[in-house]
Every structure is written in C-alpha cells, then in structure tokens.
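Novice: Need the 3D shape of this:
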Amino acid sequence: MPALSPRRRVALIVVLGALTATAPLALDMYLPALPHMAGDLSTTALRVQLTLTACVAGLALGQVVAGPLSDRWGRRRPLLAGLAAYALASLLCAFAPTVEVLVGLRFVQGAAGAAGIVIARAVVRDLYSGTDAARFFGTLMLVNGLAPILAPVVGGQLLRFAPWPGVFAVLAGLGLLLLVASLFGLPETLPPGERATGGVTATLRTFAGLCADRAFAGYTLALALSFAAMFTYISGSPFVLQEIYGLSPQAFSAAFAVNAVGIVAAGQLSRALAGRVRLGPLLGTGLGVVAAGAAGLVAAVLAGAGATWVLAALFLVVAGQGLILPNATALALADRPPHVAGSASALMGLAQFAIGGAAAPLAGLGGAGTALPMAVTIAAATGAAAVAAGVAVSAGSVRPGRNRRPRRPAPPPVSDRRPGTTTSSD
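Specialist: As a prediction, the model looks like this:
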C-alpha cells in the first residue's frame, strides 16, 4: 500500500479514533438515563444495570469473532457489516418493550461495535510496526480519549430534550456516520495475498500459538491488567468520591475530566518520545507512574487522608495509562504477520474487557463505606501488570534495534520516516 498523504493520514486518524470510541460511547452515554429506564420499563435498578454487563460481554466476545474474520476477508467487509449491525441494534434498543429485550439488544450492540475496536488496531498493525505503531496509537488516544469525558455529558444533555430512547437513537445515528466514514475514508489495508486461510480449526491454532508466545501473552496481560486498574477506578470512583469523600456531582465530573485529560496528555507525551526512547522503557515508566499512584492511594485510604490526596493518587493511576496502553499494544503486535494481526488484536480485546470486567466489581466488596477494596484492587492489578510485562521482556522476542523476521512476508509499513532511517521496537 503506498504511503499516505498528510491529509489521508489525518482522515485515517479521525476514522480509527472514532471506531475505537464506540465502546465508551455505547457504555457511557446512556448512564445518566439508568434511573429513568428502570421506571419506564417497570423493573429494578439491578436489572437495568444488566444492560451494561451485556454490552461489556458483547464487546469482549465480539472481538474474538471480528478479528479472525478480518484476517480472512480483509478489514473492510467485517468492519462495515459490524457498523451496520451496531446502528441497527442501537435503533432497536430505543424501541425495546421490556428490560429483557433491551439486555439482549445491548449484547448485540456491544458485539457489533467490537468490530470497530479490533479492526482499528489491526489496520494500524497493517500500516505500521514498532515505534511507528506506538506513535500512531498515541495519536489515537487524543481522539478516543475524549469519548469517556463527553459521552455522559452528552447523554445527560439529551435527557433534557428527549426521553432515554433518544440516547439510543443518537447512538444509531453515530453508527451510521461511522459506517459512511469507513466506507469512503478507510482503504483496505490487508491485500488478498496476505490473508489467512482455513476455517475454525486454523483460527484456534492461531489463538493457541499467540497464547503460547510469552512476549505476546505478557504484553497482552500487562495491557489488560492495567486496563483493569482503570476500569476499577471508573466503576468505583463515583461511589468513593461522592459518598465517602463528599464530592458533589459537579466536582466529581470535574475530577473525572481532569483525569481524562491526564491520560490524553500522557498519550501525546508517549507519541512525542516514540523513536527517541524505546517502547519498553516507555511502558515501564507508565507502569511505574501507575504503581506510585496505586501505592499512594492505598496509603491515603489507610491513613484517612482527605480527598486531595486521594484525587492526586487517582490522577497518577489514570494518567499513567497514557504511557502503558499505546506501548503495550505496539509491543504485543510487533512483528505479527498481517494474516494474524486481527486474531492478535481480538485476543487483546478479549483479555482487556474480560479481566477489566471481572476486576471492577471487586471495588464494592467492602460496601459503600470504605475505599480500601478499590485501592487494593487497583494496586493488585498494577503489580500483576508489572510482572506480566517483566515476563514479556524476559522472553527476549523483541530486541532493541532489531525485530524478528515475520513468518510470512509483510508489506512495507507506511511511515513518515525518510528512506534510510531506522527505529527500534522496544
């Protein structure tokens, strides 16, 4: 594939960033409407919350399907089919007559939206590798990092003008916009000659081979466990900061926004340093920042410190993710042949949402009166992520200044580098 012009590259960043934002949009935009939905559907708050669980499950499992399909059929066809299904499922959610129907539709919505997440990562791997991939993933964080901030705000504002089905109607419209943008703005990045062959058995063999690769497994677990720490913060902080530390809803929203800005800023720092600093040390720095925040959070909770110290620690926990996520992703996908990039991206997504979803409820084990379970869960996930990254590094599959030779020839990566320059991939 020829090198992209600056204009096409910007368009690609916007489209891929929007595709990776489908998850926070689907998860967060309707959160302000949950109490209204319980009343309108004549059900309990617990059953309405199952719609969130169903969407997370769909996002996790949908990637396992979409990733391998994109390796066999190319990136565009599974992506366009997924976006069309996402828009349709979102529209049907607006007309769900019962909470049980809504739960089922939310699963379909999540599974369809997963195509955008997994294929966006695979497209980046098709075009870039090593340092260039980490730089591109860092750029994407500037786009999709705004989604968790804006989604609940937009959802809350929509409720001023329309009942809760209006939120899902807007999500359907956004799905259609993404479908059109992908149709005209996203080229096919996996040529027919580079696509995988075989059926389910071949896909399972690919999954098994990736799981047996210590470098891939280590970096994937480091990514997933770090995400689990952040997901624990997302699920636990509304109760901890408002009910224990007395923040108003407005103050909590401001703190949430500041932390989101921190992760975006760290992502841009990672992008700026990629090429001058190897990816491994950047990942290690991010893990160190998050570990410092986690330790500070546990200490603040045990010492009975005020909200200021807790907020400072949480800022480090969240901001450090901006150094972890792009570099762990790039290192996990480094030198994967094009015909397995979709499957590798699928396993990463499955681990990310499965581990994150399993860790989040642990924040509430001690009830609403203590922040210690949230702090300990964040610290434990961060420590485990550091161990996983250490296993990946010790595997020695990616060495400074040198990449493994892929098992199948890969097309030359698209890059902004001048001919003759080199980059390192860890």
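Novice: average pLDDT across stretch 219-238?
Specialist: Stretch 219-238 carries an average pLDDT of 87.
Novice: Please apply the same query to stretch 395-402.
Specialist: pLDDT averaged over stretch 395-402 gives 49.
Novice: State the distance from residue 307 to residue 248.
Specialist: The spacing between residue 307 and residue 248, counted by CB to CB, to the nearest Å, is 11 Å. Just so you know, the C-beta spots here come from the backbone N, C-alpha and C atoms, and that holds for glycine as well.
Novice: Between those two, which is the more surrounded one?
Specialist: Taking neighbours as other CB atoms under 10 Å, residue 307 and residue 248 compare with residue 307 leading, 16 against 10.
Novice: Setting aside sequence neighbours, what's the nearest residue to the more buried one?
Specialist: residue 245 (4.0 Å; CB to CB, 6 or more residues apart in numbering).
Novice: so how far is residue 284 from the one you found?
Specialist: From residue 245 to residue 284 the distance is 31 Å (CB to CB).
Novice: picking that back up, the residue nearest to residue 307 contacts residue 306, doesn't it?
Specialist: Yes. Counting by CB atoms under 8 Å, residue 306 is a contact partner of residue 245 at 7.4 Å.
Novice: element containing the closest residue to residue 292 other than its chain neighbours?
Specialist: The shortest distance from residue 292 to any non-neighbouring residue, by CB to CB, 6+ apart, is to residue 316 (5.7 Å). Take DSSP states H and E as the rule and residue 316 turns out to sit in helix 307-319.
Novice: hey, C-alpha coordinates of that helix in PDB?
Specialist: Provided in PDB are the C-alpha atoms of helix 307-319 (Å, rounded to 0.1, in the frame of the first residue of the first chain):
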ATOM      1  CA  ALA A 307     -10.000  13.900  49.200                       C
ATOM      2  CA  THR A 308      -7.000  16.000  47.900                       C
ATOM      3  CA  TRP A 309      -4.500  13.100  48.400                       C
ATOM      4  CA  VAL A 310      -6.900  10.500  47.000                       C
ATOM      5  CA  LEU A 311      -7.600  12.600  43.900                       C
ATOM      6  CA  ALA A 312      -3.800  13.200  43.400                       C
ATOM      7  CA  ALA A 313      -3.200   9.400  43.600                       C
ATOM      8  CA  LEU A 314      -6.000   8.600  41.200                       C
ATOM      9  CA  PHE A 315      -4.700  11.100  38.700                       C
ATOM     10  CA  LEU A 316      -1.400   9.200  38.600                       C
ATOM     11  CA  VAL A 317      -3.300   5.900  38.300                       C
ATOM     12  CA  VAL A 318      -5.300   7.200  35.300                       C
ATOM     13  CA  ALA A 319      -2.600   9.400  33.600                       C
END
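Novice: tell me what it is packed against?
Specialist: When contacts are defined as 3 or more CB pairs under 8 Å, 6 or more residues apart in numbering; DSSP states H and E, helix 307-319 sits against helix 214-239, helix 249-273, helix 279-303.
Novice: If we use 6 Å, what do you get?
Specialist: Secondary-structure packing of helix 307-319 (3 or more CB pairs under 6 Å, 6 or more residues apart in numbering; DSSP states H and E): helix 249-273, helix 279-303.
Novice: buried stuff in the last one?
Specialist: Judged by neighbour count (16 or more other CB atoms under 10 Å), helix 279-303 contains these buried residues: 279-280, 282-287, 289-291, 293-298, 300-301.
Novice: gap between it and the chain center?
Specialist: Offset of helix 279-303 from its chain centre (CA atoms, centre = their mean, to the nearest Å): 20 Å.
Novice: now do stretch 320-340
Specialist: With CA atoms, centre = their mean, you get 12 Å for stretch 320-340.
Novice: Then stretch 114-124?
Specialist: 10 Å.
Novice: Repeat that for stretch 350-366.
Specialist: On CA atoms, centre = their mean, the centre of stretch 350-366 falls 14 Å from that of its chain.
Novice: One more: stretch 83-100?
Specialist: With CA atoms, centre = their mean, you get 23 Å for stretch 83-100.
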